[in-house]
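Enquirer: Below is the structure, and that's it, no one-letter string:
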């Protein structure tokens, strides 16, 4: 009887022991912190470069696109995501061709499925001293279900107005890593 009890305890302990996962080397920086003002836990993929040049539109070769993704979890938990904020950041040298209000529609193609996600908001520029580049930051709020489709895709393209850019494997790996941090 005692041996079977000990065996059961060992099996239960092994079932609940979580082995540390090997970190994924995607080059992105993911952070988790509690925002006491917003009463939420924020999991964030910091600004990550997607592409420099190579656009399928008329933008210059000196333009770089980055993404910044934030998962907003109400309270101190990380098992329920209330909303997701996606920022698409355009950095360009000598670029005076920002996206006009009628060119801010966000469309995502995830594994050949087209998701029309609506108009992105232009975020105000921060007060920075003279810079060599011009930055335009566009932001959209997504549902977690849409983010999951994006994060679980094998191929992904973002289109903002005429600007179309394909995410690389490292970007997709970073999105999957961010999504994996939500406790299911």
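Expert: Perfect, I can see it now. This structure is a prediction, so every number in the text was calculated from the model and none was measured.
Enquirer: Quick check: closest non-adjacent residue to the spatially most central residue of the chain.
Expert: When CA atoms, centre = their mean is applied to the chain, the residue found nearest the centroid is residue 69 (3.1 Å). Take residue 69 and drop its neighbours on the chain: the residue closest to it by CB to CB, 6 or more residues apart in numbering is residue 45, 4.4 Å away. Heads up, the C-betas are built off the backbone N, CA and C, glycines and all.
Enquirer: Residue 43 versus the residue nearest to the centre of the chain, what's the distance?
Expert: 9 Å (CB to CB, to the nearest Å).
Enquirer: What of residue 92?
Expert: With CB to CB as the criterion, residue 92 and residue 43 are 29 Å apart.
Enquirer: How is the residue nearest to residue 69 classified with respect to secondary structure?
Expert: Under DSSP: H, G, I helix; E, B strand; the rest coil, residue 45 falls in the strand class.
Enquirer: Show the contacting residues for it.
Expert: By CB atoms under 8 Å, 6 or more residues apart in numbering, the contact list for residue 45 reads 28-30, 67-70, 174-175, 177-178.
Enquirer: what is the rounded mean pLDDT of stretch 101-109?
Expert: For stretch 101-109, mean pLDDT rounds to 96.
Enquirer: quick one: buried residues of that stretch?
Expert: Neighbour counts over stretch 101-109 (16 or more other CB atoms under 10 Å) mark 104, 106, 108-109 as buried.
Enquirer: give me the low-pLDDT residue ranges for the chain?
Expert: 1-24, 54-61, 94-96, 127-131 (pLDDT under 70).
Enquirer: what are the ranges of the helices in this protein?
Expert: 2-16, 144-151, 169-180 (DSSP state H).
Enquirer: Now for residue 141: which residues touch it?
Expert: Counting by CB under 8 Å, 6+ apart, residue 141 touches 83-86.
Enquirer: so it bridges to which residues?
Expert: Beta bridges link residue 141 to residue 85, judged by DSSP bridges.
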